[in-house]
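**Q** sequence and computational prediction follow.
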Amino acid sequence: MQPTLTYPIGTPGQAWGAAERDQWRARQVRQRSYAEDVLTAIEALRGRLDVEMYGDVIYADAQHPAERFPLRALRSRQWQPGLPAVLVTGGVHGYETSGVHGALRFVDTHAERFAGRVNLLVVPCVSPWAYERFQRWNFDAIDPNRSFRDGSPAQESAALMRLVAPLHGQFAAHIDLHETTDTDESEYRPAVAARDGKVFEPGSIPDGFYLVDDTDNPQPAFQQAIIDAVSRVTHIAPADEKNEIIGTPVVAPGVIHYPMKQWGLCAGVSGARYTTTTEVYPDSPRATPEQCIEAQVAAVCAAVEFVCGAKS
């Protein structure tokens, strides 16, 4: 029988209160710079795309001085309302590095070739506080990727929803860039169980890239186009002995379904016909960090090319 893992904060069976949340915050250490890594890269692209300032995230409490993070998006310079639009988001979970840098690299190396074919809106890093701390949650111990809903408790999620809302009806596709890492099992799932007063039940991490399609709006041809493109860069995660990936039935090689809007997922915010969440595995012995970034780029390119083909 596998032992039950416990998290070092909280009392088993009891949901966290303010004291436990403060303990959790005290454990979070700034390890990199959003300004240097992301904002500087965005500014370097200003000559080729429009930079949109869509808000700020501000966090402070009695133990922590106020931190302000300006939120930035990149938008096609000649936005044409008659063209389909594609939304690309990264860094909804700040610790998922290749999503942030994959979005930036896509813009730097590929965005211009789609000019006049589609409109692009790229948000490279939705959760900057979490990016700096290699964290899944935000300052308030909230998962932004379960918070894309009306009255969102997550500043990051609410800000992105405000950015996207005026463009509803224009988006053909939305691709949200994520990672599944070994720390999902060692840190984040135990933390969720502790925070919510539940028992942690260990799972497994799939070795390879996979996609999450929308249960309520499945688009298998779109997912397959992305899988085909990424398979030329890195390996696709196989199903386990139950024909599942992370406890969810596999509907096609490397593809599972989640109810995006019901769960408050980022990929459900745009109203697009074609939506997906990418998941790379940076801890695989068969993949490098560079391959993970390139896999994200390949996924975005395939998604945009699919939209271009669907339009023609």
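**A** Received it, and whenever you're ready, just let me know what you need.

**Q** which parts of the stretch 101-250 of the chain are helices?
**A** Counting by DSSP state H, counting those that start in this stretch, the stretch 101-250 of the chain forms helices over residues 128-133, 155-164, 183, 189-195, 220-230, given from the N-terminal end onward.

**Q** give me the low-pLDDT residue ranges for this structure?
**A** Confidence mapping of the chain against pLDDT under 70 gives the ranges 1-5, 311-312.

**Q** what comes up buried for the helix ranked longest in it?
**A** Among the elements of the chain assigned as helix by DSSP state H, the one spanning the most residues is helix 289-311. Within helix 289-311, the residues that qualify as buried by neighbour count (16 or more other Cβ atoms under 10 Å) are 291-308. Every C-beta, even on glycine, is put in place using the N, C-alpha and C of the backbone.

**Q** rewinding a little: reformat the helices of the stretch 101-250 of the chain into a markdown table and put mean neighbour count next to each item.
**A** Converted to a markdown table, the helices of the stretch 101-250 of the chain look like this (neighbours: other Cβ atoms under 10 Å):
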| stretch | mean neighbour count |
| --- | --- |
| helix 128-133 | 25 |
| helix 155-164 | 22 |
| helix 183 | 17 |
| helix 189-195 | 20 |
| helix 220-230 | 20 |
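
**Q** relative to G10, which of those helices is closest?
**A** With respect to G10, and counting by Cβ to Cβ, the nearest of those is helix 189-195 at 4.6 Å.

**Q** need the residues that contact the closest one.
**A** Helix 189-195 has contacts (Cβ atoms under 8 Å, 6 or more residues apart in numbering) with 5-7, 9-10, 12, 15-16, 20, 24, 136-137, 141, 143, 198-201, 203.

**Q** next one: stretch 230-248
**A** Contacts of stretch 230-248 from elsewhere in the structure, counted by Cβ under 8 Å, 6+ apart, are 180, 203-210, 227, 249-250, 253-254, 256-258, 278-281, 284, 286-287, 291-292, 294-295, 298-299, 302.

**Q** buried subset of the residues you listed as a PyMOL selection?
**A** Selecting in PyMOL just the buried members of the contacts of stretch 230-248, where the criterion is 16+ other Cβ under 10 Å, is done with this command:
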select buried, resi 180+205+206+207+208+209+210+227+250+254+256+257+258+278+279+280+281+284+287+291+292+294+295+298+299+302
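
**Q** neighbours around Q31, how many?
**A** Neighbourhood size, Q31 [other Cβ atoms under 10 Å]: 11.

**Q** sorry, back to before: would you mind listing which of the contacts of helix 189-195 are buried?
**A** Those of the contacts of helix 189-195 that meet the buried threshold are 7, 9-10, 16, 20, 24, 136-137, 141, 143, 200, by 16+ other Cβ under 10 Å.

**Q** closest to P166 among those residues?
**A** Proximity of those to P166 was ranked by Cβ to Cβ; the top entry is D143 with 25.8 Å.
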